[in-house]
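Colleague: with the input below, show me the fold.
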Amino acid sequence: MTADFALLLLAGVLAACGVYLLLERAIIKILLGIMILSNGINLLILAAGGPPGNPPIRGRGWDAHSTDSDPLAQAMILTAIVITAGVGAFILALAYRSYQFTTLDEVADDAEDTKIAKRSPTDAWSAPDRDRSDDHLTGSPTELGDQVDYDDDELHDGLPEAGETTTGSPGPETATGREGDA
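Modeller: Now for the predicted structure:
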């Protein structure tokens, strides 16, 4: 079997351009990247399907070809075209909704991802959602209970109010969270 070099080269160029556009931050460029990448992959599937041949219908012939063409590659390409059209419609809906909210065509950075990227990989205490009442050195829970500081501010008072447990509901437990310690 011989492969058509021009078809493979075109598939590679389309796939490379599609990946380049996928890495952009504009939603429309991401959509174009998906469409171009899909076309490149469809050409690759077509090239992998073998040389052209007779239609895969019994009794039909075409020119001087002695073999039938592979219908599986053609069916896979048609399926991929339908899936790509669905993904394209979904991304267009996302782009429209994003434009309604921000009037921009750009994908913004996530605030939580930025916080996680800034934290130290060796210091678990620097995690943005770390329970501030845990021991700073060992990470084990302390008597303060679950007091998460979502605003990254210092805790104002370390102990729960009188008659309140560590979960915030009144009960027989003491400030340590264990029954019978008074």
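
Colleague: low-scoring stretches of this structure, by residue?
Modeller: 1-2, 59-65, 120-121, 123-182 (pLDDT under 70).

Colleague: please identify the buried residues of the helix ranked longest in the chain?
Modeller: Secondary structure of the chain read by DSSP state H shows that its longest helix is helix 71-102. Within helix 71-102, the residues that count as buried by 16 or more other Cβ atoms under 10 Å are A73, M76, I77, T84, I91, A95, S98. Yep, even glycine has a C-beta here, placed from its N, CA and C like the rest.

Colleague: could you dump those residues to CSV with distance to D113?
Modeller: Output for these, formatted as CSV (distance: Cβ to Cβ, whole Å):
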residue, distance to D113
A73, 40
M76, 36
I77, 37
T84, 28
I91, 21
A95, 21
S98, 17
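
Colleague: quick check, nearest of the residues you listed to L21?
Modeller: Set against L21, the nearest of the buried residues of helix 71-102 by Cβ to Cβ is I91 (12.2 Å).

Colleague: how close does that closest one get to T102?
Modeller: As judged by Cβ to Cβ, to the nearest Å, I91 and T102 stand 16 Å apart.

Colleague: could you do T79 as well?
Modeller: Using Cβ to Cβ, we find T79 at a distance of 35 Å from T102.

Colleague: I27 now?
Modeller: Here the criterion is Cβ to Cβ. By it, I27 lies 11 Å from T102.
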